[in-house]
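# Predicted model and sequence follow; I will ask about them next.
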Amino acid sequence: MAERLNAEGLRYAKAVAETRSFSAAARAYGVTQPALSNGIAKLEERLGERLFDRSPRGVTQTPFGTRILPLVERAVAALDAVAAEARRLTEPGDQKIRMGVSPLIGPHLVARAFSAVRELPTARDLVLREANMQDLRDGLRAGQLDIILIPAVTAMPRFEHRVIDVEPIVVVGPTADEDASLELAEAADEQFILVPDACGLTTFTTQLFHAHEVPLRTYPGEAASYRVLEEWAGLGLGSAMIPRSRLTSPDVPHRPLLNEGREVQISFEAVWNPDSALRPDLTLLAQALGASRQPYAPLMP
């Protein structure tokens, strides 16, 4: 391993890990399959062990590859971040703001972001990327994203933050009556269906119950999307908590969730790097998003 690792070999390995196919990786990367296979073989020789096993059933990662490939992915992301930051600093014609958004962010907030960008002193394009919380945070740290819009549930020290929106949480269930409501203390009697802890909703739910010392009973399975949450709740498997804007239809049976007579709300924030070359515009963008929010009127007891 005295010889330096080749960046293209790292990229080839990342492509195979993502596609689970040498031929698909070669097509995606725009090279011939022999060139890609040769690049990976040289990388494996320098690393001292195989990354992949090939069989008639497809490509699988070796135990060694399972440990190394996440590091390869981070190394490629870091190289891309260096190149992206260099382009932004040396090519003033590139006037893009790369914004990452959580799936929990409603379309009304995305629309406000586009409007706010048009009002910036420097004309810029807004390029969106939707991803889960960890991917967005990693992208921001690596310089692949300029600003992210996420639920305010996990701290990111050394980054700038601004709350840009708040939204009521509603409880979806098979017999929910919107004219009624559910107190948080009474929610201990409900069984809640959760989604994988990736978008921030499950983190918010568990933090909410823990902070108010309310037991959280959960359905043993997990739903893959907010639509599935609604469908499973409609089947009677349990109840589900979601922001009101993520209801697929106003007709979906739901109840406001209250805590001592006041609406339970989830907060969303903009997060950006204070060292970014775009910091002045990112700060203005976050301020505009926060200033233009339309808070929901609280329900009275």
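Alright, I've got the coordinates. Note that the structure is a prediction, hence the values are computed from the model and not measured.

# If you average the pLDDT over the helix or strand encompassing Arg98, what comes out?
In the assignment (DSSP states H and E), Arg98 maps to strand 96-101. For strand 96-101, mean pLDDT is 93.

# cool, stretch 72-90 as well?
Averaging pLDDT along stretch 72-90 gives 75.

# go on, stretch 160-177?
Stretch 160-177 comes out at a mean pLDDT of 86.

# buried ones in it?
160, 162, 164-173, 176 (16 or more other Cβ atoms under 10 Å). (Each C-beta comes from the backbone N, C-alpha and C, glycine too.)

# Take those and keep only those in strands.
160, 162, 164-172 (DSSP state E).

# Of those residues, just say which sits nearest to Gly30.
Glu160 (37.8 Å; Cβ to Cβ).

# all helices for the chain, in order.
Counting by DSSP state H, the chain has helices at residues 7-19, 22-29, 33-47, 63-90, 107-118, 133-141, 201-211, 226-234, 279-291.

# can you count the residues close to Asp197?
Asp197: 15 surrounding residues under other Cβ atoms under 10 Å.

# For it, what are phi and psi?
phi -80, psi 70 (degrees, to the nearest 10).

# Where does pLDDT dip in the stretch 201-301 of the chain?
292-301 (pLDDT under 70).

# circling back to that earlier point, out of the helices of the chain, nearest to Leu257?
helix 201-211 (8.9 Å).

# Geometric centre of the protein: which residue is closest?
Asn132 (2.0 Å; Cα atoms, centre = their mean).

# what's the spacing between that residue and Ala198?
4 Å (Cβ to Cβ, to the nearest Å).

# coming back round to it: now the helices of the chain as JSON lines including mean neighbour count and distance to Glu263?
Below are these laid out as JSON lines (neighbours: other Cβ atoms under 10 Å; distance: least, Cβ to Cβ, whole Å):
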{"stretch": "helix 7-19", "mean neighbour count": "20", "distance to Glu263": "42"}
{"stretch": "helix 22-29", "mean neighbour count": "18", "distance to Glu263": "46"}
{"stretch": "helix 33-47", "mean neighbour count": "17", "distance to Glu263": "54"}
{"stretch": "helix 63-90", "mean neighbour count": "14", "distance to Glu263": "39"}
{"stretch": "helix 107-118", "mean neighbour count": "16", "distance to Glu263": "17"}
{"stretch": "helix 133-141", "mean neighbour count": "19", "distance to Glu263": "24"}
{"stretch": "helix 201-211", "mean neighbour count": "17", "distance to Glu263": "12"}
{"stretch": "helix 226-234", "mean neighbour count": "20", "distance to Glu263": "19"}
{"stretch": "helix 279-291", "mean neighbour count": "18", "distance to Glu263": "19"}
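
# quick one: which of the ones you listed is nearest Ser245?
helix 107-118 (6.3 Å).

# got the contact list for that closest one?
97, 99, 101, 124-126, 128, 149, 164-165, 245, 268, 285, 288-289, 292-293 (Cβ atoms under 8 Å, 6 or more residues apart in numbering).

# For the buried residues of stretch 160-177, give me CSV that also has distance to Ala77.
As requested, the buried residues of stretch 160-177 are arranged in CSV below (distance: Cβ to Cβ, whole Å):
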residue, distance to Ala77
Glu160, 22
Arg162, 26
Ile164, 26
Asp165, 29
Val166, 32
Glu167, 31
Pro168, 36
Ile169, 34
Val170, 37
Val171, 38
Val172, 37
Gly173, 41
Ala176, 43
